[in-house]
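In: what follows is a protein structure lacking sequence information:
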């Protein structure tokens, strides 16, 4: 990867008429909703849930709970390897915008939120599985996640990113069901109560390779902590409305995809261990095919191996070895 290693960005509106493009990972939260006979109703219901959640959190000067709405766009990032002229879909995230109907202003939100990557699929579904096949004890391959992490940081530090986005990304994920989270005394007016995990996870370590640190908060009106991955200072680098746009968007997706955790009928206590077998939860009126999501993760990993990892193996290894980690 040299001077011919470039990124290109496409912006697609995520509304009730959205159809996934050919380069979109079908397991991505919003793409999964936009398929099948209920696709339009799924999207309409999800977007309404996001707006309702946003207004509930941004309740000041908002007596009727209808002052704001959230607009979402899908940011697709393609990568051109070594001047090959062949673009590979490397990263896909969401960008939020907040519409203030009282002032008729459109306020820029946060980029990131959801995070989608074919190379991450390769790392977890192909490389990690192959490394542990036939082994009695689970282990992680050497340099696991380093290529992906360097590509991500290279993108965030690129002129392409800086021309398109004013602030660094925030990615919001679900908590891990094999860890325990302890409530702290720290409380933020928008992010809510902070939790701390009892140990580090493979996901945390993977995102650390991307230059991201993580904090866990349970926002008001929610029942479980969310994981916020970020650069810099999460609590001070972003405005309240920016943070709420991420909380309402990703909190809604988690209610749909992880109802056992995020739509549970009881809120997390002082010590909390998420449970995907929790029966005491409510379902949203939105259809989601979890089995298909798991199956397609493997297929997408093999796609990355065939079209990215193997064809450019030498170039990628050389670039990765020479890359100076910007956040080291």
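Out: Good, I have the coordinates. Note that this is a predicted model, so its numbers are computed, not measured. Numbers count the residues shown, from 1 in each chain.
In: so who does the residue lying closest to residue 177 once chain neighbours are set aside touch?
Out: Using C-beta to C-beta, 6 or more residues apart in numbering and skipping residues adjacent in sequence, the residue nearest residue 177 is residue 274, 4.4 Å away. All C-beta atoms are positioned from the backbone trio N, CA, C, and that covers glycine. Residues near residue 274 by C-beta atoms under 8 Å, 6 or more residues apart in numbering: 174-177, 179, 181, 224, 260-261.
In: which element is residue 274 on?
Out: Using DSSP states H and E, residue 274 sits in no helix or strand.
In: re earlier: pick the one among the contacts of residue 274 closest to residue 64.
Out: Checking the contacts of residue 274 against residue 64 by C-beta to C-beta gives residue 224 as the nearest, at 28.3 Å.
In: check which helix or strand covers that closest one.
Out: Using DSSP H and E, no helix or strand contains residue 224.
In: look up how far residue 187 lies from it.
Out: Distance, residue 224 to residue 187, by C-beta to C-beta, to the nearest Å: 16 Å.
In: from memory residue 283 sits against residue 263, does it?
Out: Yes. Shown here, residue 283 and residue 263 form a contact pair, counting by C-beta atoms under 8 Å, at 7.1 Å.
In: okay, those two: which has more neighbours?
Out: Between residue 283 and residue 263, residue 263 has the larger neighbour count (other C-beta atoms under 10 Å), namely 19 against 12.
In: for the closest residue to residue 219 other than its chain neighbours, name its beta-bridge partners.
Out: Counting by C-beta to C-beta, 6+ apart, residue 219 lies nearest to residue 192, which is 4.0 Å off, once chain neighbours are set aside. Taking DSSP bridges as the rule, residue 192 bridges to residue 188.
In: any idea how far residue 192 is from residue 152?
Out: From residue 192 to residue 152 the distance is 27 Å (C-beta to C-beta).
In: before we move on, back to that, CSV please, covering the contacts of residue 274 and showing secondary structure and neighbour count.
Out: CSV is the format used below for those (DSSP: H, G, I helix; E, B strand; the rest coil; neighbours: other C-beta atoms under 10 Å):
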residue, secondary structure, neighbour count
174, coil, 19
175, coil, 25
176, coil, 18
177, coil, 14
179, coil, 17
181, strand, 23
224, coil, 25
260, helix, 18
261, helix, 23
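In: any weak-confidence spans in the stretch 1-150 of the chain?
Out: Across the stretch 1-150 of the chain, the ranges flagged by pLDDT under 70 are 1-4, 20-36, 82-84.
In: again, 80 this time
Out: Along the stretch 1-150 of the chain, segments meeting pLDDT under 80 span 1-5, 17-39, 81-86.
In: equivalent analysis for the stretch 151-300 of the chain, please.
Out: Ranges of the stretch 151-300 of the chain meeting pLDDT under 80: 285-297.
In: again, 70 this time
Out: For the stretch 151-300 of the chain, the ranges with pLDDT under 70 are 287-295.
In: give me every residue that touches the nearest residue to residue 112 once chain neighbours are set aside.
Out: Sequence neighbours aside, residue 169 is the residue nearest to residue 112 in space, at 3.2 Å (criterion: C-beta to C-beta, 6+ apart). Contact analysis of residue 169 by C-beta under 8 Å, 6+ apart lists 93, 110-112, 156, 230-231.
In: most surrounded residue in those?
Out: residue 110 (29 neighbours).
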